[in-house]
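[1] Below are the sequence and a predicted model for it; my questions follow.
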Amino acid sequence: MSGSRLLIRGGTIVNADRKFVADVLCEDGIIKEVAPNIVQPGQCDVVDATGKLVMPGGIDTHTHMQLPFMGTVAVDDFYSGTRAAVAGGTTMIIDFVLGSRGVSLLDAYEQWRGWADPKVVCDYSFHVGVTWWSEQVGKDMKRLVDEKGVNSFKMFLAYKNVFQLDDGELLNAFRVCGQIGALAQVHAENGDVIHDQSKRMIELGITGPEGHMMCRPEEVEGEATARASMLAHQVNCPLYVVHVMSKSAAEAVLDAKRRGRIIFGEPIAASLGTDGTHYCHHDWRHAAGHVMGPPLRPDKGTPEYLMNLLASGQLDCTGTDNCTFNANQKAMGREDFRKIPNGVNGVEDRMSVIWEKGVHAGRMDPCRFVAVTSTTAARIFNIYPQKGVIAPGSDADIVVWDAEASRTISAKTHHQAVDFNIFEGLECHGVALVTISRGKVVWNRGTLTVERGAGRYIPRAPYADIVYDTVKRRELVNIPEKVDRKPYTGPVWTKDGDIMVGDPNAEMSIMGGGVESPEKAASPTKSTAPQQRGPEAPGGGKASSRVLRPPGGGGSGIFFG
């Protein structure tokens, strides 16, 4: 890209904080100048953006390209997935390294880098999944932060016997995240309940995709979200809840925010753009095509509810959980929904779906759209202002957006490798007209001009300001303090009788109304006093009794028990 120049002329710049008319000059992959009426330099390509919006390229916070999962591999790899991303206006993805139990996090990271680097057509980065726990895992997490530019780790409360951690392991992982300045992420569903209820569905003869939804009611997601928030709070660890799919989970995030916890909620294109009624569709392939975890919710009001929270700033940014499987792969679960590979599309359609359901529907303005599709993600994952803003010095990742154009989403026309689209038939107003990655036009009015391996891995430093400034302050002001008090010098119960602590010459006893010698107090069970008998117990015999000193002193009383 050395020596390359690109001038974007005449558009309306939309950043998260404001809109204004200006030109944008890009040079060597970086934005060099943003100003009205920039004089065109020599050897410079020009993009005419008159009447269009010029926005930071989208950042998809949640993808799973070519993920090995449930006995197969996601069909969209790092080439087809990022190719589709730029066609929709997204210029960076953050994918997940998810190694198997017992596999070194560092080895898994290197494996995923080997898959991604030769294929990506736009920039990318990695979260790393913590799918098992040991002291070595904690050490690997620190090395990934220090040496590999990873600043976020995902833990699972679901997928029992595969990825799921128990509460003690979650606490350990959260504690390490807090110590190394990383952001803890959670897939929040109660895996034990799901495991139990899925067996019940099969016993009831419910083997189709509807069973996937039925064994995962939204309270299972809500409980796990609240529990993860509570656990993270105990060790002063900030938390990011991936794929918020239900009202219950959203409410748990909001409740945590109202309590002052540092927590971020990520709805995804699927939860904002469609619903779970599809699981009851009479065509098995159609129903199975929507299977993902957590599932889409059958409440048709959920997408609008989540969109309103996103628009109002109560939820934070958006991803897709893009993890795609073709019909023949989904058919692995044709007789048992538990074997249907979980995952749906979204990386290409996220921007248009959110514009349609958010901006076009009158629920958010274009500046908020930029925030939820790009800027807030850049801030949370500590790549702002390198990404997420159109400003001098930032990466030239830009989308020229035509707010007046429309397109109808279809698997027949999308650029992903998968043969199904959960948004099939949805008409979206708002289209990526031109996408620019690192100063190069990669999508221009329906034509892709991408190059395998042209994208780069973006390292991310720990301790993002938006995540850790408050956390670090709380560590200073909320240090637990012990209470100074005189030591206790009274008797202490043991199975052999009370023993004295403190001054060995003190004459105290817990028994009776008078003061006994230390020798007698040490052996109260050897008293020669006759045993007092209580009244006759119901059914014959005598109720036992013992002598007590009432609180504050005074005479003896009798307690019957």
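    In hand now; what should we look at?
[2] Show me which residues of the longest helix seen in the chain are buried.
    The longest helix of the chain (DSSP state H) is helix 218-234. For helix 218-234, a neighbour-count test (16 or more other C-beta atoms under 10 Å) marks 218, 220-229, 231-233 as buried. In short, each C-beta sits where N, CA and C put it, glycine included.
[3] Name the nearest of these relative to residue 296.
    Set against residue 296, the nearest of the buried residues of helix 218-234 by C-beta to C-beta is residue 218 (10.4 Å).
[4] Next one: that closest one from residue 42, what distance?
    59 Å (C-beta to C-beta, to the nearest Å).
[5] if we can go back for a sec, what packs against the longest helix of the chain?
    Judged by 3 or more C-beta pairs under 8 Å, 6 or more residues apart in numbering; DSSP states H and E, the packing partners of helix 218-234 are helix 167-180, strand 183-187, strand 239-241, helix 247-258.
[6] what comes up buried for the last one?
    I take that to be helix 247-258. 247, 248, 249, 250, 251, 252, 253, 256, 257.
[7] The first one now?
    Within helix 167-180, the residues scored as buried using 16+ other C-beta under 10 Å are 169, 170, 171, 172, 173, 174, 175, 176, 177, 178, 180.
[8] Next: the shortest one.
    Across strand 239-241, burial judged by 16+ other C-beta under 10 Å covers 239, 240, 241.
[9] hmm, back to that, in JSON lines: the helices and strands packed on helix 218-234, plus distance to residue 95.
    What follows is the helices and strands packed on helix 218-234, written out as JSON lines (distance: least, C-beta to C-beta, whole Å):
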{"stretch": "helix 167-180", "distance to residue 95": "19"}
{"stretch": "strand 183-187", "distance to residue 95": "13"}
{"stretch": "strand 239-241", "distance to residue 95": "15"}
{"stretch": "helix 247-258", "distance to residue 95": "23"}
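[10] Including distance to residue 411 and mean pLDDT, could these go into JSON lines?
    Compiled in JSON lines, the helices and strands packed on helix 218-234 are given as follows (distance: least, C-beta to C-beta, whole Å; pLDDT from 0 to 100):
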{"stretch": "helix 167-180", "distance to residue 411": "38", "mean pLDDT": "98"}
{"stretch": "strand 183-187", "distance to residue 411": "27", "mean pLDDT": "98"}
{"stretch": "strand 239-241", "distance to residue 411": "30", "mean pLDDT": "99"}
{"stretch": "helix 247-258", "distance to residue 411": "28", "mean pLDDT": "98"}
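[11] closest to residue 308 out of these?
    With C-beta to C-beta as the measure, helix 247-258 is the member of those nearest residue 308 (9.9 Å).
[12] Who are the packing partners of that closest one?
    With contacts defined as 3+ C-beta pairs under 8 Å, 6+ apart, the packing partners of helix 247-258 are helix 218-234, strand 239-241, strand 263-265, helix 302-311.
[13] Figure out which of these is closest to residue 197.
    Nearest to residue 197, of all these, is helix 218-234, at 8.1 Å by C-beta to C-beta.
[14] what is the rounded mean pLDDT of that closest one?
    Per-residue pLDDT over helix 218-234 has a mean of 98.
[15] returning to that earlier point: of all the helices and strands packed on helix 218-234, which lies closest to residue 35?
    Here strand 183-187 is closest among the helices and strands packed on helix 218-234 (C-beta to C-beta), at 35.4 Å.
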